[in-house]
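Student: build me a model from this:
(one chain, ligands or ions: 1)
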Amino acid sequence: MEVETSRRKFLQGTITMSVVGATALSTNLLSSGDGQSAKPGAISFHNTKTGNGSSHEVATLCEMCVNKCAAMARVENGVVTKLNPNPMFPKSKNMLCARGNAGIQALYDPDRLKYPMIRIGEKGEGKFRRVTWDEAYNAILNGTDKFPGLKQILDEEEDNRSSMLFCAGEGMAEHTFKQFFEAFGSANWLNHSSICLQTVASGYGVTLGMYPQADLDNAEYIIIAGANRAEAIVTPDTMDAFKRTKGRGAKMICIDPRFTNTAAKSDKWLAIKPGTDLAFVLALTYVTLTEELHNKAYVEKYFNGFEEYKNSVISNNYTPEWAEPITGIKAKDIYTIAREFAAHAPKAVYYPGRRSTFAKNDFQLRRAMAIFQALHGAIDTKGGLIFGDKLDIKGHAGLAPLYERARARAIVKRTDQKGEPGYDDCAVVSGGGSWIGWRNRYLEDKMPYKVRGMFCYKHNPMMNMPNTAKTAQMLKKMELVVTIDTMPSDTVMFADVVLPECTYLERTDPVKTFGGIEPSIAVRNKVIEPMFESKPVMEILKGLTTKISKPLFEISKKYDEEVQDMIEDDGEEEVYAEFDLTLPFKHTQEELNHHAVEMYPGAAEKLHKYGVFYPNQDEYYKQLSVNEYQYYPENKKFYSVGGGKPKTPSGKIECNIESFADMGVDPMPVWRDEYNYSVPAGKFRLLSGRHAQFTQSGTVNNAMLLDLMPENFIWINKRIAQEKGIKFADMIEVSSSIGKVQLKAYPTEKIAPDQVFFIHGFGAESEELTWAYKNGGNDNTIIEDHIEPVYGAAAMHETNVEIRKV
Ligand code: SF4
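Tutor: Below is the predicted model:
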């Protein structure tokens, strides 16, 4: 579909800079330590410096994983010598995990990207030439003898801005990069959501109205299924969960195919067959409904489609006896769990999880979990799932011109299911898109128009997308690949132009609001000046847009008749103002942050000093014991914001979404035969997951963390290993239909005989990564690209593999 918005309409709708205007700002409040001379008024929480020289501390936020814990960075003579937890932040509660402490290594990693580079070898070969920033920007605009520049691409594509793809990984500055994407005018955006929380967030979103948090501090009963918190992400809420298990206030039931560390810390572990959690939840629901354990008053008030769902669950006979052979969990355990959950409700939590999509039924699983939770009225209430509150901050969108000739997002309508709207590879296209769906369409030449280049920010699809070989093909096929990153990742090796970003300790990021029971605002303050020639993405984009804005406008002038007419009417200068790509980057991040919180008196000072702000902070914040803090008094916490009312547009829990049927999606969660788990004889189901010391591929070159776990091993059932003559640390080749990897064996009883498992993120192929290069195995080399059918997420646990001792 072409963009239909008329130019006039567009002009009315153009978002202009709402920031700061001509007001002179006092920015020193949010600009923090420069590492050389700054004395940012920092309070000293842990000033245990080791040297004799002067030191100061800067409040900042960790970026070693997504959690964004608050940290105090100690700086001695311009060197960051220690990262300590910052007790002021309700979200992180004075905790900084092993990864957080190892942030110093990310800063001082000798392999860091240090200066801009241009490709001189073959694509993917990793041969680059060091250049100045201006040369790099020039190469992006004009190309070299190895690759075309933006000018050529957009001229040949007659100003179709969507001929450039933009993709980004998660991070506080993703928004900054997205402003470039919006100003540039492409419709093709991909982020990490389809390999992360897409189906979880959407499943809960359409059912409850939002993806909720779990009040693990007050829950009395917790089902944690497929969420391996004790190993995957050790955050304060993880600690909250485990400090109360085993007779200390909460009973935790762990449902997982493997005996994980979470299983070890739970009160009960039940091994489930991979991909069958939906059958387990449907059977729990069956018990709840047939024994009338649900909260009838809540259901009466807040449910849409309850009777239809009840009829579906009962008429389909989703009994615990039905679920037993499907899931591998005994019927009597399912009865017990359903009854115990109801007995503790509303202080009971079926933990929503924070993981990627494992099976193709994941969206329906999340819907079933949300409905099961809501049946007990355990929504928006203490000890259950909570919506919490959020502090507003002022946005500062920059510029979103509509280019008449920019084509709509490159998606392909369904051709095989007549009458059903939807797309070739999934029913719904979310904001973040389907990464592997998009990639596969691109490789199969199914795109509605040519996409010829991409900007890739803080993102490593070579390691993180299933089917690495296809991702390599995609990157080779792209005529212009620009990467902005801190490390020479496998993806960077395929770049034509490499722009080095500084690490999180060398930049101020957009201020962020954190919702929940104890809402707050926090900021990542710059700790020291950027090292080498690296820059924050804000400055990188400022330089790039200064170079490309006018020349690209010349192309719009050439092809866009509306632009031509407007110039005739209003003059070129006035029209260009609407297309000036530099506009979003005119102000510093510190200025924008100041503007974002200016409605809260004193917030800027607090964010500078503590990195954290919330109303009445001075009055509320108290240290209660050695490592216990009060952020909000109990009676001021936001356990409930609507008395249990769901956040859906209807204000109801949506059991039966009839409009889904039109898209070929089940309106209610039901079990289908194709969801049954089976592995052919001689093969194994490949499971992958995370480790507490590593964040995907982003930390695998971190020497401090590799001290804790030097490489990833493959878990193999002990009996199977014996049968195959495999001993601990023997080298194993693991192969699937798409590739092979080698890594060392870990025979164990903690996994079933027909499954194998290894940690994601290892096995990099970039020779520029001293510690990560060929260290262990990359799971995505062998994970097949199975696409979840509703949102196009990557279904990570649908691949069968063979193993052999090398
Ligand atoms: S959990 Fe650890 S790595 Fe993640 S933000 Fe917190 S301290 Fe950093």
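Student: hey, let's count contacts and neighbours off CA atoms from now on
Tutor: Fine.
Student: tell me the domain ranges of this structure?
Tutor: 117-192+410-494+533-581, 213-386+646-662, 678-805 (automatic domain parsing).
Student: nearest residue to the residue most central in space within the chain other than its sequence neighbours?
Tutor: Nearest to the mean C-alpha position of the chain, by CA atoms, centre = their mean, lies Glu170 at 4.9 Å. Counting by CA to CA, 6 or more residues apart in numbering, His192 is the residue found nearest to Glu170 once chain neighbours are left out, at 6.6 Å.
Student: got the contact list for the one you found?
Tutor: Counting by CA atoms under 8 Å, 6 or more residues apart in numbering, His192 makes contact with Ala168, Gly169, Glu170, Gly432, Trp435.
Student: specify which member of the residues you listed is nearest to the ligand.
Tutor: Proximity of these to the ligand (CA to the nearest ligand atom) peaks at Glu170, which lies at 12.5 Å.
Student: mind listing what Lys740 touches?
Tutor: Lys740 neighbours (CA under 8 Å, 6+ apart): Glu733, Val734, Thr781, Ile782.
Student: and it, its phi and psi?
Tutor: phi -140, psi 150 (degrees, to the nearest 10).
Student: ranges for the strands of the stretch 651-800 of the chain?
Tutor: Assigned by DSSP state E, counting those that start in this stretch, the stretch 651-800 of the chain shows strands spanning 653-654, 684-689, 713-717, 731-735, 740-748, 755-759, 800-805.
Student: export those strands to TSV and tack on distance to Asn317?
Tutor: Shown next, in TSV, are those (distance: least, CA to CA, whole Å):
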stretch	distance to Asn317
strand 653-654	22
strand 684-689	28
strand 713-717	34
strand 731-735	39
strand 740-748	37
strand 755-759	29
strand 800-805	30
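Student: could you say which of those strands is packed most deeply?
Tutor: Mean neighbours per residue, mean count of other CA atoms under 10 Å, is largest over these for strand 653-654, with a mean of 28.
Student: residue in the stretch 351-500 of the chain nearest to the ligand?
Tutor: Counting by CA to the nearest ligand atom, the stretch 351-500 of the chain gets nearest to the ligand through Arg354 (13.2 Å).
Student: my assumption is that that residue lies in a helix; please confirm.
Tutor: No: Arg354 sits outside any helix when classified using DSSP: H, G, I helix; E, B strand; the rest coil, being coil.
Student: the contacts of His192 in helices, which ones?
Tutor: Under the assignment DSSP state H, those contribute Trp435 to helices.
Student: if we check the ligand, which of the contacts of His192 are in contact?
Tutor: By CA under 6 Å from any ligand atom, no member of the contacts of His192 lies near the ligand.
Student: so can I have JSON lines of the contacts of His192 showing pLDDT?
Tutor: Shown next, in JSON lines, are those (pLDDT from 0 to 100):
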{"residue": "Ala168", "pLDDT": "94"}
{"residue": "Gly169", "pLDDT": "90"}
{"residue": "Glu170", "pLDDT": "86"}
{"residue": "Gly432", "pLDDT": "84"}
{"residue": "Trp435", "pLDDT": "93"}
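Student: which of the contacts of His192 are buried?
Tutor: Among those, the ones that count as buried by 16 or more other CA atoms under 10 Å are Ala168, Gly169, Glu170, Gly432, Trp435.
Student: quick check: Pro401 vs Glu231, distance?
Tutor: Distance of Pro401 to Glu231, given as CA to CA, to the nearest Å: 45 Å.
Student: and the buried ones among the contacts of His192, which is closest to Gly763?
Tutor: Gly169 (19.6 Å; CA to CA).
Student: test my guess that Trp133 contacts Pro116.
Tutor: Yes: using CA atoms under 8 Å, Trp133 is in contact with Pro116, at 6.0 Å.
Student: out of the two, which sits in the busier spot?
Tutor: Set Trp133 next to Pro116 and count neighbours by other CA atoms under 10 Å: Pro116 wins out with 23 against 19.
Student: the more buried one against Asp496, yeah?
Tutor: No: the pair Pro116 and Asp496 does not pass the contact test of CA under 8 Å, sitting 10.8 Å apart.
Student: do you know how far Val680 is from the ligand?
Tutor: Heads up, residue 680 is Pro, not Val. According to CA to the nearest ligand atom, to the nearest Å, Pro680 and the ligand sit 39 Å apart.
Student: again, but for Tyr221
Tutor: Counting by CA to the nearest ligand atom, the gap between Tyr221 and the ligand amounts to 24 Å.
Student: tabulate the domains of the chain in CSV, adding columns for distance to Leu505.
Tutor: Converted to CSV, the domains of the chain look like this (distance: least, CA to CA, whole Å):
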stretch, distance to Leu505
domain 117-192+410-494+533-581, 10
domain 213-386+646-662, 20
domain 678-805, 15
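Student: list the buried ones in stretch 618-627?
Tutor: Within stretch 618-627, the residues that qualify as buried are Tyr621, Lys622, counting by 16+ other CA under 10 Å.
Student: and the end-to-end length of it?
Tutor: Start and end residues of stretch 618-627 are separated by 18 Å (CA to CA).
Student: mean confidence score for that stretch?
Tutor: The pLDDT scores in stretch 618-627 average 93.
Student: which other residues reach it?
Tutor: Stretch 618-627 is contacted from outside by Met88, Asn94, Tyr629, Gln630, Tyr631, Tyr632, Pro633, using CA under 8 Å, 6+ apart.
Student: so the fifth one sits against Lys93, correct?
Tutor: No: applying CA under 8 Å, one finds Tyr631 not in contact with Lys93, separated by 9.1 Å.
Student: more neighbours, these two?
Tutor: Higher neighbour count among Tyr631 and Lys93: Tyr631, with 26 against 21, using other CA under 10 Å.
Student: what's the distance between the more buried one and Glu506?
Tutor: 28 Å.
Student: Glu574: neighbouring residues, count only.
Tutor: So Glu574, with other CA under 10 Å, has 12 neighbours.
Student: swap that for Glu156, sorry
Tutor: 11.
Student: any chance of the backbone angles for it?
Tutor: According to degrees, to the nearest 10, Glu156 has phi -70, psi -30.
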